[in-house]
Each structure stands twice: as C-alpha cells, then as structure tokens.
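Student: Could you work out the structure for the sequence below:
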Amino acid sequence: MNKKKFFFLIIIFFASFKVLFAEKIIIKATVNDEIITNYDIKKEGRYLKILNPQLSQVDDKKVFKLAKQSLVNEIIKRKEIAKNLKTDGDNPLIEEYFKNLYTRLNFKNKQDFESSLKSQNNYSPEDIKKKLQTEIMWNELIYLRFSPQVKINKQDLLNKINKMSNKQRKEYLLSEIVFQKKKDENLETLKKKISESILEIGFNNTANIFSISESAKLGGKIGWINENNLSEVIQKSIKNKKENEITDVILLGNNYLIIKIEEVRLKQISIDKDEELEKMVKFERNNQLNKFSRIYFNKAKMNYSINEK
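Tutor: Alright, predicted model coming up:
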C-alpha cells in the first residue's frame, strides 16, 4: 500500500472515531411535534450568556434548565405567530434591534460584536437575527391583538407632569423579577427560594431563572426610568432604598415583583410638556402590553403538549 493511501485511511479512521465518540444527540423536550435536543439547549445557553454575560457564573445545570425553558417558550411563540400573522421575509426592524442589542452590550460597532460572537460564543449573527425576528413578530402580534384594550388616562399623566420640578428629576436604573405562585405552591417557600438564589448567584442571574417578564433574558434589566412613570406602589417601595438595594416583594395584580435599584441619578431638566407626555404615554402603553403578553402566552401555553425529559 503506498504511503499516501495509508495516510488517507488513517485520517478517515480518526475522523470516524471522533464522530463515534462525539456527544450523543438526545431529545430533551417536545412541544407538540417539535423536538428540542441537548445540542439545541447548549446552543441556547450560549445565546443567553450573550444577552446576560453574568450567566457564565451560574452552574451549568441551572443554565441548561433555563435554556430548555427558553426554547419551549420560543417555539410556542413561533407557533402562535404562524397561526395569526403573515411571516413572509425579514422584518425591517431587525437591524435596529440588532444595533440596540450590541449597543446595550457595550460594543462600539457591528463588526466588533460579530467578531466576538464568532470567536467567543461560536454563535452567528444570522442566528441572533432569527431570534430577534421572533421577538419582533411576537410584539407585533400582541400589539395588533391588544392595543385596542390599552387604556391611558392622559389627564392623570398631565397632572404628574405639572407636579414635576423644572430643576431636577430623579431617575432610577432598575432590574426586576416578576413571578407567579402556582396553585399548589407555598408563597413563603417560593420567596425564600428566590431570596436564597439572589444571595447565591446574584439578582440578575436569578431574574433569568425565576422571572416571567420579557426582561428575564436580559437579567431583569429594564433600564433608566423616570420616577413619575412608576406606580405609587413601586414609588413607595423604592423611595428610601439606596443603590444596589432590593425591595420587599410587591403584589401587582396576579403577579409578584421584586425590584433592584442599580443606580439613582438626579437629572437637570427643562420640561417640554408635549414631549414628556409622549414619553409617558409610550411607557404606559408598553407596560400594559407587556402584561397582556404574559396573560396571552400563559393561556396559549395550555393548548400545547409539552413533554420534558
């Protein structure tokens, strides 16, 4: 046998050996007829760590469980979108969402972000854009279905604006954990479990695991919020809190809420009432639509056969 042929056979042998002993692909969950494998879950875990780098500090088993639930939720959303909307072609908002994502993650430009994805996370920009497409279409579905039910009292908002100082305004950088108690679940036990998780792995990682809010994938981060956009209940809960402190559990309708005050700042302002009203209306509309989103998703989920292994 000549040397080239022998060398070629060795390469084939070791390539086959590598495939033979590579990690076995196992079905870990199904949503109706759609399967989720261990490979899918590990890839989703990498995506969640892109959104919230602090997740790298969390135990692999917890990340695996979180990623599996994230995929189950995504599949349900995709199926609901397919039933209710036309999904031809890419949404023109994808590039805007993509830019918002890498800006929030402190990348200077698109090229730096894409290079980091490939080198550190083994994740492609195209994969991220597919996920952003799902979120954009889901938001569109919620808007079309529920925007007629959004009720905003502009006079109340104007009254708040009129009470504002023209000199300073307090703003909060907040993170949240929104959770619900199951019928057979003890509230105190659940609160203790969340508190212990916050002490063990931090607030933002706990939000990833326990929160049902759309902000969960971002570690519960909801950004800077003007104090006048917060409900009276929340204002009272955070009024005397300092930076990095956490509120007690707040009851909001059927949900429970815990807030972390990341930062506080006083902003010098000169109020343009029309502009301020527009911002407050937008904030309140999004807040109500997020609530409708959670309600709709939970009801839709009941119509799917979900099996986890």
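
Student: any idea how far the longest strand anywhere in the chain is from the chain center?
Tutor: Scanning the chain for the longest strand, with DSSP state E as the assignment, gives strand 255-268. Centroid separation between strand 255-268 and its chain, computed with CA atoms, centre = their mean, to the nearest Å, is 18 Å.

Student: Buried ones in it, by neighbour count?
Tutor: Within strand 255-268, the residues that count as buried by 16 or more other CB atoms under 10 Å are Y256, L257, I258, I259, K260, I261, E262. Quick note: C-beta positions are derived from backbone N, CA and C, even for glycine.

Student: okay, now E135: neighbour count?
Tutor: By other CB atoms under 10 Å, 17 other residues sit near E135.

Student: where's it relative to E232, distance?
Tutor: Distance check for E135 against E232: by CB to CB, to the nearest Å, it reads 31 Å.

Student: for R285, same thing?
Tutor: Taken as CB to CB, the span from R285 to E232 is 19 Å.

Student: Looking only at neighbour counts, state which of the two leads.
Tutor: R285 (15 against 7).

Student: if I look at the more buried one, how far off is K279?
Tutor: 11 Å.

Student: Kindly indicate whether K191 is helix, strand or coil.
Tutor: helix (DSSP: H, G, I helix; E, B strand; the rest coil).

Student: Any idea how many residues pack against it?
Tutor: Neighbour count of K191, defined by other CB under 10 Å: 16.

Student: Could you report the neighbour count for M164?
Tutor: Count around M164 with other CB under 10 Å applied: 16.

Student: Excluding chain neighbours, give the residue nearest to it in space.
Tutor: Leaving aside its chain neighbours, M164 sits nearest to I271 (5.8 Å; criterion: CB to CB, 6 or more residues apart in numbering).

Student: thinking again about what came up before, now for the longest strand of the chain, which elements pack on it?
Tutor: strand 168-179, helix 187-201, helix 232-238, strand 250-252 (3 or more CB pairs under 8 Å, 6 or more residues apart in numbering; DSSP states H and E).

Student: which residues of the chain score low on pLDDT?
Tutor: Within the chain, the stretches with pLDDT under 70 are 1-23, 89-90, 120-121, 165-167.

Student: any chance you could map the helices in it?
Tutor: 3-20, 38-51, 60-84, 94-104, 110-116, 125-146, 154-163, 187-201, 203-210, 232-238, 273-301 (DSSP state H).
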